[in-house]
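Colleague: Sequence and predicted model, in that order:
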Amino acid sequence: QVQLVESGGGLVQPGGSLSLSCAASGITFSNYAMAWYRQSPGKERELVASITSSLTAAAIGKTTYADSVKGRFVISRDNAKNTVHLQMNSLEPDDTGVYFCNAVRNVFGHLRNYWGQGTEVTVSS
């Protein structure tokens with residue numbers, strides 16, 4: 001059974017920092033691209049940051065970020081511990097939302113796509 005369990009959310013003041021973690025089980029973690037998405041109130045779920053898997057040839061560990069978080073957020077992974085992290089700095093009220101961990105892998109044309117339950121982040125004074 002695949003499980004992605006997020007932790008680290010909470011209430012933080014604007015300008016503050018939070019570190020989110022996602023612990024994965026039931027998958028060969030290193031073979032999956034990992035990502036963080038968020039869903040803010042009244043908005044659709046959006047990609048925040050992603051990091052490639054060990055199967056990505058010359059682009060192992062390549063990271064991408066939404067324009068709104070570039071320079072403030074950092075995604076990283078620890079394949080030995082089956083975890084992915086999202087370090088969030090200089091938080092803004094617009095960063096408020098539920099943050100979801102995502103694991104995805106294309107296996108011979110079949111997409112294996114898994115989601116965590118989410119962790120809530122509130123940025124407010």
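Modeller: In hand now; what should we look at?

Colleague: average pLDDT across stretch 56-71?
Modeller: For stretch 56-71, mean pLDDT rounds to 87.

Colleague: Next, the buried residues of that stretch.
Modeller: Y65, V69 (16 or more other C-beta atoms under 10 Å). Placement of C-beta: from N, CA and C, glycine included.

Colleague: Can you name the residues in contact with stretch 99-107?
Modeller: 2, 4-6, 9, 20, 22, 24, 27, 29, 31-39, 45, 48, 53, 55, 84, 86, 111-121 (C-beta atoms under 8 Å, 6 or more residues apart in numbering).

Colleague: How far does it sit from its chain's centre?
Modeller: Centre-to-centre, stretch 99-107 and its host chain are 9 Å apart (C-alpha atoms, centre = their mean, to the nearest Å).

Colleague: How about stretch 5-24?
Modeller: Relative to its chain's centre, stretch 5-24 lies at 10 Å (C-alpha atoms, centre = their mean).

Colleague: List the buried residues of it.
Modeller: E6, G8, G9, V12, L18, L20, S21, C22, A23, A24.

Colleague: beta partners of the residue most central in space within the chain?
Modeller: Taking C-alpha atoms, centre = their mean, the centroid of the chain lies closest to W36, which sits 2.2 Å from it. Beta bridges link W36 to A49, C101 when assigned by DSSP bridges.

Colleague: Quick check: it touching M88?
Modeller: No. Here W36 does not reach M88: they are 9.3 Å apart, not a contact under C-beta atoms under 8 Å.

Colleague: Identify the contacts common to these two.
Modeller: L20.

Colleague: And the pLDDT for V107?
Modeller: 86.

Colleague: From the rest of the structure, what touches stretch 11-21?
Modeller: Applying C-beta under 8 Å, 6+ apart, the contact partners of stretch 11-21 are 6-10, 36, 83-93, 99, 119, 121-125.
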